[in-house]
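Q: okay, sequence plus prediction incoming.
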Amino acid sequence: MDDLAPDQVERVLDRLGLDTTPAIDVDGLADLYRRWCRSVPFDNTLKLIALNSAEDEPLPGMDADDFFRSWLRHGTGGTCWPTASALHALVSACGFTSRVVAASMADTGVPSHGTTIVTVDGIDWLIDSSMLTDEPLHLSTTSETAIDHPVFGTSAQPVPEGWLFQFALPYAVATMPCRTIAPSAVTHDFCVGRYEASREMSPFNHQPSTRRNDGDGVVSYGGGMRYRRTAAGVDESDLSGDLLFDALRDEFAMSEEIVSRLAAALVRTG
């Protein structure tokens with residue numbers, strides 16, 4: 001994985017609303033991660049475009065510089081492997097000690113999820129770019145820890161493989177399990193390989209899926225619906241047809257160029 005150039009880090013931090021690198025402590029990490037959760041979407045826009053392209057190219061976003069250039073220009077994020085790698089690159093460039101860890105979404109035993117863990121003063125903190133917990137989750141090797149929040153509530157139970165997470169879903173008042181494969185770091189090449197393997201089977205290969213936090217909760221799109229989860233519960237509204245593309249432009253501020261490319265890709269899938 002290429003290191004981020006200082007000028008790119010400056011541009012990213014500026015877009016996140018920071019005029020300097022965060023303090024290398026838990027408060028600085030919490031501020032940076034919260035800004036990420038409310039600015040960088042978890043979405044499959046670039047992946048859908050690539051999967052429905054005639055070009056035989058690697059799936060996009062695994063190079064951190066490319067990931068951030070697309071985010072800065074188009075407002076796109078990515079699915080777990082590219083976002084975990086990009087977040088790792090950013091926090092590392094800011095001076096934090098970080099690693100990407102493989103996990104199994106839905107606790108199937110298959111390494112289907114990439115997540116980011118930062119160590120501050122000998123303590124591990126989860127900053128997951130898919131779960132978007134809005135604050136770092138303290139990871140203990142001896143006792144269960146949790147974020148107590150009506151929308152972003154997440155727990156981490158120590159297990160032989162590292163940790164078993166239960167995280168809040170953005171579209172329902174329910175949780176999903178996710179177990180780390182091991183607490184140690186995986187290589188960038190491993191992440192690229194797992195991302196490429198997701199071409200064969202992934203819930204994010206067929207229709208647009210997007211989520212991002214704000215001050216009151218989380219907005220997500222999926223299955224032709226818009227879900228708005230706050231402390232009051234979950235509101236649903238129709239997002240079929242062109243309503244989806246309007247919402248990506250207006251609510252998620254994605255560029256006209258990238259939304260048009262997505263629309264064309266979806267037409268090709270018929």
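A: Noted; the coordinates are in hand.

Q: quick one: the helices in the stretch 151-270 of the chain?
A: For the stretch 151-270 of the chain, the helices defined by DSSP state H, counting those that start in this stretch occupy 188-197, 242-250, 256-269.

Q: and these as JSON lines, adding mean neighbour count, mean pLDDT and distance to T180?
A: Glycine gets a C-beta too; all of them are placed from N, C-alpha and C. Putting the helices of the stretch 151-270 of the chain into JSON lines (neighbours: other C-beta atoms under 10 Å; pLDDT from 0 to 100; distance: least, C-beta to C-beta, whole Å) gives the following:
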{"stretch": "helix 188-197", "mean neighbour count": "17", "mean pLDDT": "98", "distance to T180": "14"}
{"stretch": "helix 242-250", "mean neighbour count": "16", "mean pLDDT": "98", "distance to T180": "32"}
{"stretch": "helix 256-269", "mean neighbour count": "15", "mean pLDDT": "91", "distance to T180": "32"}
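
Q: any stretches of this protein with poor pLDDT?
A: Filtered on pLDDT under 70, the chain yields the residue ranges 1-2, 268-270.

Q: picking that back up, can you redo the helices of the stretch 151-270 of the chain as a markdown table with distance to D134?
A: As requested, the helices of the stretch 151-270 of the chain are exported to a markdown table (distance: least, C-beta to C-beta, whole Å):
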| stretch | distance to D134 |
| --- | --- |
| helix 188-197 | 24 |
| helix 242-250 | 22 |
| helix 256-269 | 25 |
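
Q: those helices: which one's closest to A172?
A: With distances scored as C-beta to C-beta, the stretch of these nearest to A172 is helix 242-250 (19.4 Å).

Q: chain center to that closest one, what's the gap?
A: Computed by C-alpha atoms, centre = their mean, to the nearest Å, the separation of helix 242-250 from the middle of its chain amounts to 20 Å.

Q: ok, residues contacting that helix?
A: 45, 208, 210, 221, 224, 226, 239, 254-256, 259, 262-263 (C-beta atoms under 8 Å, 6 or more residues apart in numbering).

Q: so that helix versus helix 256-269, what angle?
A: Angle between the axes of helix 242-250 and helix 256-269 is 150 degrees (criterion: axes from the mean of the first three to the mean of the last three C-alpha atoms, to 10 degrees).

Q: contact partners for H149?
A: H149 sits next to D134, E135, A168 when contact means C-beta under 8 Å, 6+ apart.

Q: for it, pull up the helix or strand it's in.
A: Here H149 sits in a region with no helix or strand, counting by DSSP states H and E.

Q: would you confirm that L13 contacts T21?
A: Yes: with contacts counted by C-beta atoms under 8 Å, L13 reaches T21, the gap being 6.7 Å.

Q: which of the two has more residues huddled nearby?
A: Remark: of L13 and T21, L13 carries more neighbours, 19 against 16, as counted by other C-beta atoms under 10 Å.

Q: count of neighbours near T230?
A: With other C-beta under 10 Å as criterion, T230 counts 15.

Q: thought it was touching G217?
A: Yes: here T230 reaches G217: they are 3.7 Å apart, a contact under C-beta under 8 Å.

Q: name the residues contacting each of the two.
A: By C-beta under 8 Å, 6+ apart, the residues touching both T230 and G217 are V151.

Q: please put the alpha-carbon coordinates of stretch 167-178 into CSV.
A: In CSV, the C-alpha atoms belonging to stretch 167-178 read as follows (Å, rounded to 0.1, in the frame of the first residue of the first chain):
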residue,chain,number,x,y,z
PHE,A,167,-23.2,-3.9,15.7
ALA,A,168,-26.3,-1.9,14.9
LEU,A,169,-27.9,-2.2,11.5
PRO,A,170,-28.7,1.1,9.8
TYR,A,171,-32.1,-0.1,8.4
ALA,A,172,-33.6,-1.9,11.4
VAL,A,173,-33.5,-2.0,15.2
ALA,A,174,-31.4,-5.1,15.2
THR,A,175,-27.8,-6.2,15.3
MET,A,176,-25.4,-8.2,13.2
PRO,A,177,-22.5,-10.4,14.5
CYS,A,178,-19.0,-10.1,13.1
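
Q: centre of the chain versus it, how much separation?
A: Here stretch 167-178 is found 15 Å from its chain centre; the criterion is C-alpha atoms, centre = their mean.

Q: try stretch 258-270
A: When distances are taken as C-alpha atoms, centre = their mean, stretch 258-270 is centred 22 Å away from the chain's centroid.
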